[in-house]
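Visitor: structure for the following, please:
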Amino acid sequence: MQPQSSRSAITIHWVSPLPPAETDIAHYTARILPALSARAEVVLWTNALEWDVSLERHCTVRHFDPDTILPRDFTTARRGAGPEVVFIHIGNSWVYHAGFLRLAQRIPSVVVLHDLAIQELMIEAVEYNEWEAARYLAGMEKWYGAEGLQIGKACLAKDKKGADLSGVMPGYELAMEKALSILTHTSPAQSIVQARLPELTCHLLPLPFEIGPVPMRAQMSTGPLRLLQFGWIGPNRRLEQVLEALAQMPKDFDFRLDVMGKIWNPAVIQSKLVELNLVDRVHLHGFVSELTLEDALRQADLVLNLRHPSMGEASGSQLRIWNAGAPAAVTRLGWYAELPENVAYFVDLEEEVEQLHALFSTLAADRRAGAEIGAAGRAYFEAHHDPDTYAEEIVKIARQSAEKDNQTLARSLSAQYSLKR
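Guide: This is a model prediction of the structure:
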């Protein structure tokens, strides 16, 4: 598709983490950028001090201060003269999204919800002086009443954990102060948001991922069973429970578990490895390069991608797994519960240990047992997660939201004029 003329093209101001930020949302932005920039003028905005300069082959990149930038500053940065709209990406890491949260409360935008449960983002943003406690507590009271206010205070005092609130007080509502519309990546998330915020349009698009060449698997026929877990690993990623399940396997079960990515509290996991006598079998790598991760995925007999609690968010990690043609174990909850039965190994929370034990034993007996699952996952991925389709839909959402923003402004000006008369 050829780019539209600069005058007719819509401008999309894309406020997102950018590579080399150690979050999959940054990689998601990089993956869709070629397709999106072919269909609209894109300006990437970041409050980080560095970014991958290769992004500038596709569009303009601008640094900004989320507390001082004004709508006219966005307009000044673009080249075109068509409609424009801001997209703000909200995840659950205060490191990458605290400033974006503050911006979303000031500037009309399309809010892209990568996580509905953002209590940890908000609580830690307050803890690290990236957000005002008063604003957090006011939002908790507004959306969850007197109980929300008391629980918010308990969270700030560290008497309660934000992760424990995901099912009852997820917190995404606090990011909707100025939302023109909302974009989610799963139908469970869309249903939750629509029921809670019926006055806002909530769009649904499958999370995109660049479809790579047909994967070349590199599993070993002998040696330890190769297990892998990767990504941002918080308590809900079930790593502690996986370790306990592995520790209960028979002594002759030979395995190696590689954990690649940032762990919310490495000391907790290191202590657990010592306690369970797994230090020699579980290897904590921290954040690794794309090439290292791709190589690990090719060799993996099973990738562990369990999650609980889940608020229905899509998994960029699962798309990467499917792209590699690797079999994965997932918890039958949220987005995963709506997937076809043949694209992953499903684990029921109530029987997690027993089902993991059975799966480990099956794969240890036959390394090729997961090949069919891996191939079916790859086929499903190719059919549903194409970046070109996603980019086309983003442009449609942008045009609809820009029109809504203009209508809102017109009503506001009309009301002000009427008051003056």
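
Visitor: C-alpha from now on. contacts and neighbour counts both.
Guide: Fine.

Visitor: and the helices in the stretch 1-150 of the chain?
Guide: With DSSP state H, counting those that start in this stretch as the criterion, the stretch 1-150 of the chain has helices at 24-37, 71-77, 94-104, 119-127, 133-156.

Visitor: okay, these in CSV with mean pLDDT and mean neighbour count next?
Guide: As requested, the helices of the stretch 1-150 of the chain are exported to CSV (pLDDT from 0 to 100; neighbours: other CA atoms under 10 Å):
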stretch, mean pLDDT, mean neighbour count
helix 24-37, 94, 19
helix 71-77, 96, 13
helix 94-104, 97, 23
helix 119-127, 96, 22
helix 133-156, 98, 17
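
Visitor: make TSV out of those and add distance to residue 51.
Guide: Output for these, formatted as TSV (distance: least, CA to CA, whole Å):
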stretch	distance to residue 51
helix 24-37	10
helix 71-77	18
helix 94-104	13
helix 119-127	22
helix 133-156	30
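
Visitor: nearest to residue 249, of these?
Guide: Nearest to residue 249 among the helices of the stretch 1-150 of the chain is helix 24-37; the distance by CA to CA comes to 32.2 Å.

Visitor: please export the C-alpha coordinates of the closest one as CSV.
Guide: C-alpha atoms of helix 24-37 as CSV (Å, rounded to 0.1, in the frame of the first residue of the first chain):
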residue,chain,number,x,y,z
ASP,A,24,7.1,-6.4,25.0
ILE,A,25,4.9,-3.3,24.4
ALA,A,26,8.1,-1.6,23.0
HIS,A,27,8.6,-4.5,20.6
TYR,A,28,4.9,-4.5,19.7
THR,A,29,5.3,-0.9,18.6
ALA,A,30,8.4,-1.7,16.5
ARG,A,31,6.6,-4.7,14.9
ILE,A,32,3.6,-2.7,13.6
LEU,A,33,5.5,0.5,12.7
PRO,A,34,6.3,-0.4,9.1
ALA,A,35,2.6,-1.3,8.3
LEU,A,36,1.2,1.7,10.3
SER,A,37,3.6,4.3,8.8
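
Visitor: what's in contact with it?
Guide: 3, 16-20, 42, 55, 58-59, 91, 208-210, 231, 316-317, 387-388, 390-392, 394-395 (CA atoms under 8 Å, 6 or more residues apart in numbering).

Visitor: sort out for me which of the residues you listed are in strands.
Guide: Mapping these onto strands (DSSP state E) picks out residue 42.

Visitor: for stretch 405-413, what is the average pLDDT?
Guide: Per-residue pLDDT over stretch 405-413 has a mean of 55.

Visitor: what about residue 229, which SS state?
Guide: Following DSSP: H, G, I helix; E, B strand; the rest coil, we place residue 229 in the strand state.

Visitor: grab the most central residue of this protein for me.
Guide: residue 114 (4.2 Å; CA atoms, centre = their mean).

Visitor: returning to that earlier point: which among the helices of the stretch 1-150 of the chain is found nearest to residue 292?
Guide: With CA to CA, the closest approach to residue 292 among the helices of the stretch 1-150 of the chain belongs to helix 24-37: 15.3 Å.

Visitor: off-centre distance for the closest one?
Guide: With CA atoms, centre = their mean, to the nearest Å as the basis, helix 24-37 stands 13 Å off its chain's centre.

Visitor: also stretch 140-151?
Guide: 26 Å.

Visitor: identify the residues contacting that stretch?
Guide: Counting by CA under 8 Å, 6+ apart, 137-138, 152, 160, 169, 171, 173-174 sit against stretch 140-151.

Visitor: which of those residues sit farthest apart?
Guide: Farthest pair in the contacts of stretch 140-151 (CA to CA) is 160 and 173. Separation: 19.8 Å.

Visitor: neighbour count for those two, which is higher?
Guide: residue 173 (20 against 14; other CA atoms under 10 Å).

Visitor: contact partners for the more buried one?
Guide: Residue 173 neighbours (CA under 8 Å, 6+ apart): residue 143.

Visitor: could you measure from residue 16 over to residue 66?
Guide: 12 Å (CA to CA, to the nearest Å).

Visitor: who's more crowded, those two?
Guide: A count of neighbours by other CA under 10 Å puts residue 16 above the other of residue 16 and residue 66, at 24 against 20.

Visitor: that one contacts residue 89, correct?
Guide: Yes: using CA atoms under 8 Å, residue 16 is in contact with residue 89, at 5.4 Å.

Visitor: and the protein, what are its domains?
Guide: 11-118+170-208+386-420, 225-384 (automatic domain parsing).

Visitor: ok, which of those domains comes nearest residue 219?
Guide: That would be domain 225-384 among those, by CA to CA, at 4.4 Å.

Visitor: from the chain's centroid, how far away is the closest one?
Guide: That offset, for domain 225-384, works out to 17 Å (CA atoms, centre = their mean).

Visitor: with stretch 175-193 instead?
Guide: 13 Å.

Visitor: give me the distance between the two termini of that stretch.
Guide: Across stretch 175-193, the straight-line distance between its terminal residues is 12 Å, by CA to CA.

Visitor: going forward can the numbers begin at 719, since that is how I track them
Guide: Okay, using 719 as the starting number, the last item reads as stretch 893-911.

Visitor: what segments of the chain are strands?
Guide: Using DSSP E, strands in the chain cover 729-733, 759-764, 778-781, 802-808, 827-831, 897-902, 920-922, 943-948, 973-978, 1000-1004, 1020-1023, 1046-1049, 1063-1065.

Visitor: I'd like the ones you listed laid out as a markdown table, including mean pLDDT, mean neighbour count and distance to residue 866.
Guide: Conversion of those to a markdown table gives the following (pLDDT from 0 to 100; neighbours: other CA atoms under 10 Å; distance: least, CA to CA, whole Å):
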| stretch | mean pLDDT | mean neighbour count | distance to residue 866 |
| --- | --- | --- | --- |
| strand 729-733 | 98 | 25 | 29 |
| strand 759-764 | 98 | 23 | 32 |
| strand 778-781 | 98 | 17 | 35 |
| strand 802-808 | 97 | 26 | 21 |
| strand 827-831 | 98 | 25 | 21 |
| strand 897-902 | 97 | 24 | 22 |
| strand 920-922 | 97 | 20 | 24 |
| strand 943-948 | 98 | 23 | 33 |
| strand 973-978 | 98 | 20 | 36 |
| strand 1000-1004 | 97 | 16 | 36 |
| strand 1020-1023 | 98 | 24 | 31 |
| strand 1046-1049 | 98 | 23 | 29 |
| strand 1063-1065 | 98 | 21 | 33 |
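
Visitor: of all the ones you listed, which one is nearest residue 1088?
Guide: Closest among those, using CA to CA: strand 1020-1023, at 7.6 Å.
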